[in-house]
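> From the sequence below, what's the structure:
(one chain, ligands or ions: 1)
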Amino acid sequence: MSKQFAVIGNPIEQSRSPELHHAFAAKTGIDLTYSKRLAPLDGFDASVEDFFSHGGIGMNVTVPFKEQAFAKCQVLTERAQIAKAVNTLWVEDGVLHGDNTDGQGLVDAIHALDWSLNNTDILIIGAGGATRGVIYPLVQAGAKKIVIANRTLARAEQLVADLRDAVPQAELAAISLNDLAGEFDLVINATSASLSGDVLVLPESLQFTHAYEMAYGKPSSFIDQAQARNIPTSEGYGMLVGQAIESFRIWNGVKPNLKDFL
Ligand code: ATR
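A predicted model of the protein is given here:
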């Protein structure tokens, strides 16, 4: 029987993980089946236990269960501990393990664009779970300064206070979205603004040379403004593929090449 994998979430119909993992499997010659599991909002634990007790090898976790997955794991990787969220589960020695591959997915997507992260100054707009998950991997990849700008300044300040000790080699700072200014190598939009059709205004006082929108598939005022400046831009499909590849690597011990799947 082929190795069994699944992605669990609610809703789950929109997930592209099965098609991605089947494409990686075809490329690497691994025999697997990857399905979608819709869990009731109060049924995450039972669904995970059912999956692994029936021989499941690995699970991805998506909205709204990443924090519950974090709480459920007995062993966590360092980056999952820092993210306080888990998107990749597996059982080893009878014990549930968890990792978070979102941040590495973003780093790999940026590298696949041939943008360097070494010694960079980065501005991240947004201070939610998406931002929390990427700071440590970005610093590991060479970011030397990360400024977090948020509509609710206190949330950015809290995130900086929480993460400062995890990334002592980098400078972290928090600013209000109303005070966007300065020069950056890369600006990352980690807000959900484009998903709700809201506009982010990037003032002339903010200068930057690359722009990455974490969301994808929706019109983004952030990307429109960056393109008007004639700089390289990208949207989050590469990150989606990148996090899937990193999960695949953990489970199967083989890392497909991201550029083959863009
Ligand atoms: P996620 O887990 O995807 O990061 P989240 O925790 O809900 O989601 O965070 C959403 C982020 O988008 C927050 O930083 C939010 O700003 P606030 O903390 O001020 O709420 C930001 N956001 C959402 N809509 C926005 C908008 N229209 N303009 C600016 N920021 C927005």
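> ok, now which ones touch the residue in the stretch 51-200 of the chain positioned nearest to the ligand?
Across the stretch 51-200 of the chain, the shortest distance to the ligand (CB to the nearest ligand atom) belongs to residue 128, at 2.2 Å. (C-beta placed from N, C-alpha, C; glycine too.) Counting by CB atoms under 8 Å, 6 or more residues apart in numbering, residue 128 touches 155, 190, 191, 192.
> Which element, helix or strand, includes the last one?
Using DSSP states H and E, no element contains residue 192; it sits outside every helix and strand.
> For it, give its distance to residue 120.
24 Å (CB to CB, to the nearest Å).
> The two: who's more crowded?
Applying other CB atoms under 10 Å to residue 192 and residue 120 shows that residue 120 carries more neighbours, namely 21 against 13.
> picking up where we left off before, how about the contacts of residue 128 in JSON lines, adding pLDDT and distance to residue 220?
Below are those laid out as JSON lines (pLDDT from 0 to 100; distance: CB to CB, whole Å):
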{"residue": "155", "pLDDT": "98", "distance to residue 220": "21"}
{"residue": "190", "pLDDT": "97", "distance to residue 220": "12"}
{"residue": "191", "pLDDT": "96", "distance to residue 220": "10"}
{"residue": "192", "pLDDT": "93", "distance to residue 220": "11"}
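> Can you say which of those residues are buried?
Buried subset of the contacts of residue 128 (neighbour count, 16 or more other CB atoms under 10 Å): 155, 190, 191.
> Can you classify the first one by secondary structure?
For residue 155, the reduced secondary structure class is helix; criterion used: DSSP: H, G, I helix; E, B strand; the rest coil.
> residues touching the closest residue to it other than its chain neighbours, list them.
Excluding the flanking residues, the one nearest residue 155 by CB to CB, 6 or more residues apart in numbering is residue 127, at 4.3 Å. Applying CB under 8 Å, 6+ apart, we find residue 127 in contact with 148, 150, 152, 155, 156, 158, 159, 174.
> Turn the buried ones among the contacts of residue 128 into TSV, columns for distance to the ligand.
Listed next are the buried ones among the contacts of residue 128 as TSV, based on distance: CB to the nearest ligand atom, whole Å:
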residue	distance to the ligand
155	4
190	6
191	3
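> Name the nearest of those residues relative to residue 18.
Nearest to residue 18 among these is residue 190, at 25.5 Å by CB to CB.
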